[in-house]
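**Student:** Mind looking at a prediction? Sequence and model below.
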Amino acid sequence: MTFFFEVLIGGLLSGVLYALVALGFVLIFKASGVFNFAQGAMVFFAALTFVGFTEVLPGWTGLAPGSSAVFWLAFMLALSSMIVLGIATEKVVLRPLVNQPPITLFMATIGLTFFVEGLAQGIWGTNVRGLNLGIDDEPVMWLLDNHNMLISKFDVIAAGIALVLFVTLAILFQYTKVGRALRAVADDHQAALSVGIPLKHIWAIVWGVAGFVALVAGLIWGARNGVQFALTYTALKALPVLILGGFTSVPGAIIGGLIIGASEKLAEVYLGGYVGGGIEGWFPYILAMLFLLVRPEGLFGERHIDRV
Amino acid sequence: MLYREAGQFKASYQQDQAIFPITQDKIGIAALLAFFFLVVPFIANQYWLQAVLIPVLIFSLAAIGLNILTGYCGQLSLGSAAFMAVGAFGTYNFMLRIDGMPFLVAIVLGGLCAAAVGVLFGLPSLRIKGFYLAVATLAAQFFIVWVLVKFGWFSNYSSSGVITAQRVSILGMEFRSPEMKYLLTLSIVTVLALLAKNMVRSSTGRKWMAVRDMDVAAEVIGIRLMRTKLQAFAISSFYCGVAGALYAYMYLGTVEPDGFNLELSFKILFMIIIGGVASIMGSFIGAAFIVLLPVFLNVVMHTSVGAFIPANLAANLELIIFGGLIIFFLIVEPHGIARLWQLAKEKLRLWPFPH
C-alpha cells in the first residue's frame, strides 16, 4: 500500500507540472481561439534564455556567479524576452491571420515552433545544460521516517510553486479589471469589442502571461531534467491533459494534469509489466481518447451546440 | 490565348464528366506524364532519382491520403506516419510469410491493413471533432509505433524492430536500379492519384466535402455521417499505407518503426497546407516543396554566404528559415500554392482582357 501511495503521489506531483504547461495552452486558446502548438517551444526558449543569462551575466556585470542578484536579473531578462516574443508573435504571425480557419492558425504555430526552437539554439547553442534552482532533489525526510515513502522534495516544492501560480492567476482573472476583460474576450470576441474592450491589448497581455507561465514551467522542468531540446516534448504531454480537462478551462487543466500524471505512473507500474513496459508514452493519449468518447468536450469544456 | 475553353462543346454526358474537361488540360497532363515517364529516367542522375524524385512521389501519395481525410473530409489527423508504418510493416509481413507473394498484391494488402487500422482509430471521430480529434489521432501515432517496436513478430524478431525490404520483382523483372524503382513508384502514384482525383469529383467526394463544411447539415440532408467519415478514414489510411510501403521498399530499403514518428506526420501535414488543402495537385506541389526546401537551404548554406556561418548555427538557421517560410506562406496564401495556379488559370482564360 505504501508503494501504491508513493507512485500515486509521485504521479500527482508530476501531473501538476503537466498542468503548468497545459495552462499556457488554455490561456491562449481561451482568449484568442488559437491552439498554440509552440507552447512547448516557448518553454524551451524560456528555460534556455534564463540559463544563458545566468551564464553570461556574471561576465557582463561583475556579479558573483550563482548569487541571487544574478538569478533575479536573469529571471527578469528572460521574462522580458518571453513577453517580447509573445507580443511579437501576436503582431507578426497571428494578426495577419485573423479570420482564417483554426487549422491555418494551428499550422502557423507549428511553423512558429520551428522558428523559436531554431532561434533559441541559434542564440544559446545546443549544449545540454544543468539548471540549479537551489532546491535539492532528495526525499522528504519526514515522510521517509514516519511512513517509509520516497517522495522527492524537489517535486513537492515545484508543485507548491505551480499551485501558487495557479492561485495568483485565478485571483488575477477573478478580481482585477484586466482579468474581467480577459474573461469577457474569452466569452465572446465581438461582444467584448462592442463594449469597448481593447482586443489587441488583451491579446498582447495574454501572450505575455502565457510567456510568463512558460518561463516558470521551463525553470521547473529544466531544473528537473536539464535544459535540453527534449523540453519541447513536454508540450505533447500537455495535450492529453488538455483534452481531458477541456481546452477552455483553467481548473480543467489542473485536474486533467493530476489525472494524467497519476494514471500514467500507476499504469506504467501496475500494467506495464504485462506488456513489456514503455506504455507511459501512449497511455495518456489512449486514456484521453476513451474519455472523450464519453464526454466529447472534456471534463470542464464548454458544451458545443451545433446549429444548422 | 492558348488556354481557353471557348469552342470546346460538350455533346455527351461522358464528355461533360471527363476527368480533365478542357483539351489544354488533357494535353498538359499527357505531356507531363510523358516527360516524367519517358524523359526523366534518362536525364536524371542517381542522386536526383533516389534522393529527390522518389521521395517526392512517395510523400505526394501520403499527402493525397491526408488530403482526403483532412482537406476533403475535414477530419484533422496527426497520425499519418503511423498509418504509413502499418502499410510498410503489413507489406513486409505479407512478403515474408507467404511464399511467392507478388509485390503489388502485398502492397495492396498492406494498404488494406492500414485502412483497417485507420477505421479503428477513426471510430472516435463520430463523437469527437476538431482539435480534440487531432489529439485522438496522436493516440494512434504513439500507440502503433509502440506496438511495432514492442512486439517482435511484426519485424520478424529483428533487433530494435528494423526491417529490411525484400527484393522486389514483378513478372521476372528486378526492381533494383534507381531508374526501375522510380518508374514503379511513378506508375503506382499516377494510378492512385488519378483514382483520387476521380473519387473527389464523385458523390463520395461530395459527401466528404458536405461533412467537412458542416456535418450536422450534411446529416440533415441524408448523408450518413458514420459511413462517410469511416470511408474517408479507410481510404486515406489506404493511401498512407501504400505510401509507407513504397517508403520502405522503394526509398529507404531498411526502416524502423521510430522512423515513422510524429515529425513525419507533421511533415505530411505541412505538405498539404503549403501545397493546398483539398487539392490533389497541391499534394504534389507541397511534397516537392517540403522535400526540396531543406536540400535548397543546405546548398545555400554551404555555398554562398552560408559558407561563413559555423555549421552549428547553420542548422539552426535552417530551422528558423523553415519555420519562417511556413508562416510567410500561410500569411500570403493560406490556401496553398495550388490556389496560385488556379488563379493563374482563371487569368489565362480571360487574357488579354481584364474581365
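**Tutor:** Great, that's in hand.
**Student:** Strands of chain A, residue ranges please.
**Tutor:** Taking DSSP state E as the criterion, chain A carries no strands.
**Student:** now it, which segments are flagged as low pLDDT?
**Tutor:** Along chain A, the model assigns pLDDT under 70 to residues A:66, A:133-137, A:139-149, A:276-277, A:301-304, A:306, A:308.
**Student:** What sits closest to A:G86 if chain neighbours are left out?
**Tutor:** Once flanking residues are discounted, A:G86 sits nearest to A:W207: 3.3 Å by CB to CB, 6 or more residues apart in numbering or on different chains. Heads up, the C-betas are built off the backbone N, CA and C, glycines and all.
**Student:** Count the neighbours of the one you found for me.
**Tutor:** Burial of A:W207 is recorded as 28 neighbouring residues (other CB atoms under 10 Å in any protein chain shown).
**Student:** what do you get for A:G111?
**Tutor:** Using other CB under 10 Å, A:G111 has 25 neighbouring residues.
**Student:** Name the SS class of B:E5, please.
**Tutor:** Secondary structure assignment for B:E5 (DSSP: H, G, I helix; E, B strand; the rest coil): coil.
**Student:** Which strand or helix spans the closest residue to B:R176 other than its chain neighbours?
**Tutor:** Nearest residue to B:R176, sequence neighbours excluded (CB to CB, 6+ apart): B:R167, at 7.2 Å. Under the criterion DSSP states H and E, no helix or strand holds B:R167.
**Student:** that older thread, ok, now which ones touch the residue nearest to A:G86?
**Tutor:** A:28, A:83, A:86-87, A:89-90 (CB atoms under 8 Å, 6 or more residues apart in numbering or on different chains).
**Student:** Report the two of the residues you listed separated the most.
**Tutor:** By the measure CB to CB, A:I28 and A:I83 form the most distant pair in the contacts of A:W207, at 13.8 Å.
**Student:** Have a look at these two and say which one is more surrounded.
**Tutor:** A:I28 (27 against 19).
**Student:** Please look at that one and A:V34 and confirm they touch.
**Tutor:** Yes - counting by CB atoms under 8 Å, A:V34 is a contact partner of A:I28 at 5.7 Å.
**Student:** could you pull out the helices for chain A?
**Tutor:** A:2-32, A:39-61, A:68-88, A:102-124, A:141-147, A:153-175, A:177-187, A:189-194, A:199-225, A:234-245, A:250-270, A:272-275, A:283-294 (DSSP state H).
**Student:** any weak-confidence spans in the stretch 101-250 of chain B?
**Tutor:** In the stretch 101-250 of chain B (pLDDT under 70), no residue qualifies.
**Student:** Please identify the residues of it in proximity to chain A?
**Tutor:** Contacts of the stretch 101-250 of chain B with chain A, taken as CB under 8 Å from any CB of the partner chain, map to B:124, B:127-132, B:135-136, B:138-139, B:142-143, B:146, B:149-150, B:214-217, B:220.
**Student:** Which of these fall in strands?
**Tutor:** Among these, DSSP E puts none in strands.
**Student:** What subset of the residues you listed is buried?
**Tutor:** Neighbour-count burial within those applies to B:124, B:128-132, B:135-136, B:138-139, B:142-143, B:146, B:149, B:215; the criterion is 16 or more other CB atoms under 10 Å in any protein chain shown.
**Student:** Quick one: neighbours of the nearest residue to B:L264 once chain neighbours are set aside, just the number.
**Tutor:** With sequence-adjacent residues excluded and distances taken as CB to CB, 6+ apart, B:L264 is closest to B:A81, at 3.8 Å. By other CB under 10 Å, the residues close to B:A81 number 29.
**Student:** contacting residues for B:A81?
**Tutor:** Contacts of B:A81 by CB under 8 Å, 6+ apart are B:141, B:260-265, B:268.
**Student:** ok, it to B:P55 distance?
**Tutor:** B:A81 sits 14 Å away from B:P55, going by CB to CB, to the nearest Å.
**Student:** ok, and for stretch A:251-264, which residues are buried?
**Tutor:** Neighbour-count burial for stretch A:251-264 [16+ other CB under 10 Å]: A:252-264.
**Student:** restrict those residues to those near chain B?
**Tutor:** Residues of those in contact with chain B (CB under 8 Å from any CB): none.
**Student:** Flag every residue of the stretch 151-300 of chain A that's near chain B.
**Tutor:** In this structure, the stretch 151-300 of chain A approaches chain B at residues A:236, A:239-240, A:242-243, A:247, A:275-276, A:278-279, A:281-282, A:285-286, A:288-289, A:292-293, A:296-298, judged by CB under 8 Å from any CB.
**Student:** Take those and, keeping just the buried ones, write it as a PyMOL select command.
**Tutor:** Remark: buried members of these, expressed as a PyMOL selection using 16+ other CB under 10 Å:
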select buried, chain A and resi 236+239+240+242+243+247+279+281+282+285+286+288+289+292+296+297+298
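**Student:** still on that earlier bit, element containing the residue nearest to B:L264, please.
**Tutor:** Here B:A81, judged by DSSP H and E, is contained in helix B:80-97.
**Student:** Let's see that helix as CSV, backbone CA atoms only.
**Tutor:** Taking Å, rounded to 0.1, in the frame of the first residue of the first chain, the C-alpha atoms of helix B:80-97 are listed here in CSV:
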residue,chain,number,x,y,z
SER,B,80,-0.5,9.8,-41.0
ALA,B,81,3.0,8.5,-40.3
ALA,B,82,1.6,5.7,-38.1
PHE,B,83,-0.6,4.6,-40.9
MET,B,84,2.4,4.6,-43.2
ALA,B,85,4.1,2.4,-40.7
VAL,B,86,1.2,-0.1,-40.7
GLY,B,87,1.4,-0.2,-44.5
ALA,B,88,5.1,-0.8,-44.6
PHE,B,89,5.1,-3.5,-41.9
GLY,B,90,2.0,-5.1,-43.3
THR,B,91,3.6,-5.4,-46.8
TYR,B,92,6.8,-6.7,-45.2
ASN,B,93,4.9,-9.4,-43.4
PHE,B,94,2.9,-10.5,-46.4
MET,B,95,6.0,-10.7,-48.4
LEU,B,96,7.8,-12.6,-45.7
ARG,B,97,5.2,-15.1,-44.6
